[in-house]
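Fold the following and give me the result.
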Amino acid sequence: MKNILYAILSGVMLTASFPPARLDWMAWAAIIPLLISIEDKRPLNAFRLGMIAGLSHYLTLIYWVLFVMNAYGGIDLFTGSSILLLFALYLALYPATFSLLVSIARNSRFVVILTASIWVCLEYLRTILITGFPWCLLGYSQFNRLAIIQVSDITGVYGVSFIIAAVNALIYRIVFSSTHAQEKRGLVMESSIIIALFIICSAYGIYSISGTVDDKGRETITASVIQGNIDQSVKWDPAYMEATIERYVSLSKSTFDSHPGLIIWPESAAPFFFQENTEYSENIRDLAEESSAWLIFGCPAYEEQGSVISYFNRVCMISPEGVLAAYYDKVHLVPFGEYVPLKRFIPFVDRLVISEGEFSRGRESGLLKMNGIKAGALICYEAIFPGPARTELKNGARFFVNVTNDAWFGMTSAPWQHLCMCVFRAIENRRPFIRAANTGFSAFIDSLGRITARSGLFTEEVLTGEVRTDCKEITFYSRYGDIFVYLAVIICLIKFLHELCYHLIKK
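Predicted coordinates for the structure are as follows:
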């Protein structure tokens, strides 16, 4: 029973490390109770304890899935709770596998480094398997600790996760584990390596933050973000469409005194097919001409190919002359939110997407070009993945624009968590990041990951700020991607192959 309580404690501590709770320091000890619980346990028992830790973590972290399904998907509480439990069970497989592998490798040399490597490899798998769900990877908990997360421009968020996991494992080995005399020499060496890594990463972060930039000749664009705060329950109601457009137009006109070069509306801010050139379409074109600014906004779109009609989640860009200059259709769709994977085989889950509709995947990366400057477009969920932003930067993006509609989440922890992950896209690529959200949080994030301006949640607001457009540096991470993860994979493969060969020879 004591070990089960330790596992539950570990899961709860992991959840508490993320916003809105201001307990990010807890991440540096959150894995320790789990490591205590699996000490001297056989792999299968360790796997079970890892499942318990994972369930306690993910049920408390992504509880908002139930709210979304019940409030906007028409799913009753029993069915919604069952779906949430199944989702949490899937995600719990990752800490369970972590526990199993750590129990197998507990007597290895350099077990602290191996433990952190296992954690990182499993985070990467969670990012890419079954369309991926990298929500609140361990490193994201430190989004406010600017010094330690600057290393993300080399390693991505996985480097931060590695350091946190390594510190957890090191504290466990020093304080709680019964280390034999022959293991102490290796532990001293590992302690030196981990402490050195922590100091080097912190020093690199302090250096990055303190680096001065000559403001003379800096190229910037003034941008205004419009947060309309349209209630999700009326967003797609035709009776409210005129009022919705009027609100966005009115708020946009309030920025004219600031002379913005770019005005940004959130995802699906225009709840109609802009391509059909209706009266509402003309209103948007007229606004762009009147403002003399580029206008970016989200809307649904469709494409007809014979008798087949495909629908897209689109972001459009209108020039100051009122012309559609570019658009981007969302590539990385939300499973069970914007489309149903394997729908032919699981038709009974249709109701999960009843409020959103069935979208098709876009075909290209999201680059929007204005006056020779390319902006990388990310729609909602795409911002939690490192890949799309890297692709856009390599294609010439000078800054990122993320349009989103977090109204789905209601007053839960999800909007805070969604924002914190965007910080890493800015650091990884050293590009400013503008976020336009329907109900919040809208924000300006600079290339160091500092949130320089942020709106409230469920408020009607306008944010205006300057964004650098002369950023040309391509970071190590932007250029080479997840090399750090591949090194962690190599470490794990070498160790476990060694263990396998040892046992085969022994037999």
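
what residues are up against the residue nearest the centre of the chain?
Nearest to the mean C-alpha position of the chain, counting by CA atoms, centre = their mean, stands residue 384 at 2.1 Å. Residues near residue 384 by CB atoms under 8 Å, 6 or more residues apart in numbering: 134-135, 418, 421. (Glycine included, C-beta is placed from N, CA and C.)

Same list (those) but as a markdown table, adding secondary structure.
Output for the contacts of residue 384, formatted as a markdown table (DSSP: H, G, I helix; E, B strand; the rest coil):
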| residue | secondary structure |
| --- | --- |
| 134 | coil |
| 135 | coil |
| 418 | helix |
| 421 | helix |
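
Most neighbours of all those residues, which one?
The member of the contacts of residue 384 that has the most neighbours, counting by other CB atoms under 10 Å, is residue 418 with 23 neighbours.

Isn't that one up against residue 407?
No. Counting by CB atoms under 8 Å, residue 418 sits too far from residue 407 to count as a contact (11.8 Å).

re earlier: could you report the separation of the residue nearest to the centre of the chain from residue 136?
Remark: distance between residue 384 and residue 136 (CB to CB, to the nearest Å) = 9 Å.

Touching both of those two, which residues are there?
When contacts are counted by CB under 8 Å, 6+ apart, residue 384 and residue 136 are jointly contacted by residue 421.

List the buried residues in the helix ranked longest in the chain.
Using DSSP state H, we find that the single longest helix of the chain is helix 181-210. By 16 or more other CB atoms under 10 Å, the buried positions in helix 181-210 come out as 183, 186-187, 190, 194, 197-198, 201-202, 204-205, 208.

quick check: mean pLDDT across it?
Averaged across helix 181-210, pLDDT comes to 86.

roughly how far is it from the heart of the chain?
Here helix 181-210 shows a centroid-to-chain-centroid distance of 27 Å under the convention CA atoms, centre = their mean, to the nearest Å.

Please enumerate the strands of the protein.
220-227, 262-264, 294-305, 308-318, 324-329, 367-370, 373-379, 397-404, 433-437, 443-445, 451-454, 461-468 (DSSP state E).

Format the ones you listed as TSV; extra columns: distance to residue 55 and mean pLDDT.
Converted to TSV, those look like this (distance: least, CB to CB, whole Å; pLDDT from 0 to 100):
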stretch	distance to residue 55	mean pLDDT
strand 220-227	35	96
strand 262-264	39	98
strand 294-305	35	93
strand 308-318	32	93
strand 324-329	36	94
strand 367-370	41	92
strand 373-379	31	95
strand 397-404	28	96
strand 433-437	30	98
strand 443-445	32	98
strand 451-454	32	97
strand 461-468	38	95
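
out of the ones you listed, which comes closest to residue 6?
Closest approach to residue 6 among the strands of the chain is made by strand 451-454 (35.1 Å; CB to CB).

Tell me the strands beside the closest one, with direction?
Applying DSSP bridges, strand 451-454 is found paired with strand 443-445 (antiparallel).

The strand it pairs with: which residues count as buried?
Counting neighbours by 16+ other CB under 10 Å, the buried set in strand 443-445 is 443-445.

farthest-separated two in the contacts of residue 384?
Based on CB to CB, the longest span within these runs between 134 and 418 and measures 12.0 Å.

related to what we said a few turns ago, and of the contacts of residue 384, the nearest to residue 86?
Using CB to CB, the contacts of residue 384 come closest to residue 86 at residue 135, 16.0 Å.

State the pLDDT value of the nearest residue to the closest one once chain neighbours are set aside.
Using CB to CB, 6 or more residues apart in numbering and skipping the chain neighbours, the partner closest in space to residue 135 is residue 384 (6.3 Å). pLDDT, residue 384: 96.

And residue 384, how close does it get to residue 440?
In terms of CB to CB, residue 384 sits 17 Å off from residue 440.

Equivalent analysis for residue 221, please.
Separation of residue 221 from residue 440 (CB to CB) stands at 23 Å.

Which one's more surrounded, the two?
residue 440 (25 against 22).

from memory that one sits against residue 463, does it?
No. If you go by CB under 8 Å, residue 440 and residue 463 don't touch, sitting 10.5 Å apart.

circling back to that earlier point, now render the contacts of residue 384 as JSON lines, adding pLDDT.
Formatted as JSON lines, those follow (pLDDT from 0 to 100):
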{"residue": "134", "pLDDT": "96"}
{"residue": "135", "pLDDT": "96"}
{"residue": "418", "pLDDT": "97"}
{"residue": "421", "pLDDT": "97"}
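
who's in contact with residue 156?
Listed by CB under 8 Å, 6+ apart, the contact partners of residue 156 are 386, 424, 428, 477, 481-482, 484-485.

What of residue 327?
Per CB under 8 Å, 6+ apart, neighbours of residue 327: 301, 314-317.

hmm, try it at 6 Å
Residues near residue 327 by CB atoms under 6 Å, 6 or more residues apart in numbering: 314, 316.

what's next to the worst-scoring helix or strand of the chain on mean pLDDT, contact-wise?
In the chain, no helix or strand scores lower on mean pLDDT, DSSP states H and E than helix 483-506, which sits at a mean of 82. Contacts to helix 483-506, defined as CB under 6 Å, 6+ apart, come from residues 108, 114, 117-118, 120-121, 124, 155, 158-159.

which residues of the chain score low on pLDDT?
The chain contains residues with pLDDT under 70 at 178-186, 212-217, 336-357, 499-500, 502-504, 506-507.

Provide the backbone phi and psi angles at the closest residue to residue 235 other than its chain neighbours.
Once flanking residues are discounted, residue 235 sits nearest to residue 271: 5.7 Å by CB to CB, 6+ apart. The phi/psi pair for residue 271 (degrees, to the nearest 10) reads phi -80, psi 50.

State the distance from residue 271 to residue 241.
Here residue 271 is placed at a distance of 6 Å from residue 241 (CB to CB).

shared neighbours, residue 418 and residue 407?
With CB under 6 Å, 6+ apart, residue 418 and residue 407 have no common neighbours.

related to what we said a few turns ago, which elements pack onto the longest helix of the chain?
Counting contacts by 3 or more CB pairs under 6 Å, 6 or more residues apart in numbering; DSSP states H and E, helix 181-210 packs against helix 146-149.

10 Å instead, please
Contacts defined by 3 or more CB pairs under 10 Å, 6 or more residues apart in numbering; DSSP states H and E place helix 181-210 against helix 111-128, helix 146-149, helix 152-155, helix 157-171.

and residue 275, which of these is closest to it?
Between residue 275 and the helices and strands packed on helix 181-210, the tightest spacing by CB to CB is seen for helix 111-128, at 33.4 Å.

And that closest one, how far out from the chain middle?
Offset of helix 111-128 from its chain centre (CA atoms, centre = their mean): 18 Å.

quick one: it to helix 483-506, angle?
120 degrees (axes from the mean of the first three to the mean of the last three CA atoms, to 10 degrees).

what helices or strands is helix 111-128 leaning on?
Helix 111-128 packs on helix 77-104, helix 157-171, helix 181-210, helix 386-394, helix 483-506, going by 3+ CB pairs under 10 Å, 6+ apart.

With respect to residue 262, which of those helices lies nearest?
helix 386-394 (16.5 Å).

circling back: dump the buried residues of helix 181-210 into CSV; add distance to residue 77 as well.
Output for the buried residues of helix 181-210, formatted as CSV (distance: CB to CB, whole Å):
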residue, distance to residue 77
183, 51
186, 52
187, 50
190, 48
194, 45
197, 46
198, 45
201, 45
202, 46
204, 48
205, 45
208, 47
